[in-house]
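> Sequence and predicted structure, then a few things I'm wondering about:
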Amino acid sequence: MKKFLVVAVAAYLLLIAVLTVGYLRRRRENGRQSPSSAVLQGELKATMRDEDAPREIRPSLSLQVNGEREASVPDGAPVWFTVGVSSPDAENEIASARVLGERLARLPQGESGREALAAAYERRRAPEKILLGDASHPWAEAIQLLARDEKGGEKPLGFPAKLLGAGERAAVELDAANSTEANLGTESFAAPSGTYLVVACLGESGSWKGRACSEPVKLTVTETSAPQPPDRQRALDRQGGRFGFVAGSPDTMEKFGRRLAATGPDAVEGHLYLGEAQYRRGRWAEALREFQAARTERARRTGAGSDAQFLDLRISELIAKLNGR
């Protein structure tokens, strides 16, 4: 028994000695390497492993229905979809290049891996641009609105959505700084009552040869009932006025603007739509009168609001027009 204990103690002491020698040897080796060099080599390894592969540059789509992620409308009411297209991959590439550039600046000349890091930086600092559309094939024509079912299947939404507004660019170049959007809709949405999950997809257009889709938005269509409760009717009239503004339709803005101007809570918005309708028609005096009424009502009720700057700009512009400037 004593012999066994002696052997065990000797083995334990030998193990401690081996571990101590190894530890001291590693300390001596690390002492020959400056702390900054060790940190830089660690960063470089992480950089080359995680950051050297450029991203595929794809367009990214966003979608809103009646200016929201969810909307509820009665059958026959105005509906419009706002499709935004941007290039967040390009933004991320430039951000990654900035990080690589900072690491490159700290890495000494001739250091192992510096050449590869410099090449990765050059690839990522100027990401590829996406050209959508051309003069004969506007990019918005490549947008398709689809209804998605619970199983992920998709089919055309099934209503004649036309491009709203004037002066939409036929071609656009997407990069980290440039994005675009288009509005598609109808003044009278006809569909069976129910809830629809709607996605917008962009097919081939210009240099883009793939397919990109948005996250879904929710549109609930209810049966038309008359009369609507007052609060609900005002909400529908506000949607109608906004549709007219988005579509650039003076008649629609005037129609819903008169309804809103007749109600206390929404009189400001009503006069704003009435003023914009006359402005689009070139009737400067009538437009000025409505915009001034909107500003007066705004100040009387709630003070300056989100539309105060728009009103000030329109009023200043119209005064200048009427004075011949």
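Yes, it's here.
> and Gly67, what is it in contact with?
Thr82, Arg242 (C-beta atoms under 8 Å, 6 or more residues apart in numbering). C-beta: built from backbone N, CA, C; applies to glycine.
> mind running it again at 10 Å?
Trp80, Phe81, Thr82, Asn183, Gln239, Arg242, Phe243, Val246 (C-beta atoms under 10 Å, 6 or more residues apart in numbering).
> For the helix or strand containing the second one, buried residues please.
Secondary structure assigned from DSSP states H and E places Phe81 in strand 79-86. Buried residues in strand 79-86, counting neighbours by 16 or more other C-beta atoms under 10 Å, are found at Val79, Trp80, Phe81, Thr82, Val83, Val85, Ser86.
> do stretch 119-133 as well
For stretch 119-133, by 16+ other C-beta under 10 Å, it's Ala120, Tyr121, Arg124, Pro127, Ile130, Leu132, Gly133.
> Which ones among those map onto strands?
Ile130, Leu132 (DSSP state E).
> Including pLDDT, could the buried residues of stretch 119-133 go into JSON lines?
Shown next, in JSON lines, are the buried residues of stretch 119-133 (pLDDT from 0 to 100):
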{"residue": "Ala120", "pLDDT": "88"}
{"residue": "Tyr121", "pLDDT": "90"}
{"residue": "Arg124", "pLDDT": "90"}
{"residue": "Pro127", "pLDDT": "92"}
{"residue": "Ile130", "pLDDT": "96"}
{"residue": "Leu132", "pLDDT": "96"}
{"residue": "Gly133", "pLDDT": "94"}
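> quick one: which of the buried residues of stretch 119-133 is nearest Ala97?
Comparing these against Ala97 with C-beta to C-beta places Arg124 closest, at 4.0 Å.
> chain center to the strand holding Phe81, what's the gap?
10 Å (C-alpha atoms, centre = their mean, to the nearest Å).
> Restrict that strand to CA atoms and write it as PDB.
What follows is strand 79-86, C-alpha atoms only, in PDB (Å, rounded to 0.1, in the frame of the first residue of the first chain):
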ATOM      1  CA  VAL A  79     -56.700  51.400 -52.200                       C
ATOM      2  CA  TRP A  80     -53.100  52.100 -53.100                       C
ATOM      3  CA  PHE A  81     -49.900  50.200 -52.600                       C
ATOM      4  CA  THR A  82     -46.600  52.000 -52.100                       C
ATOM      5  CA  VAL A  83     -43.600  49.900 -53.300                       C
ATOM      6  CA  GLY A  84     -40.200  51.100 -52.200                       C
ATOM      7  CA  VAL A  85     -37.000  49.700 -53.800                       C
ATOM      8  CA  SER A  86     -33.500  50.200 -52.300                       C
END
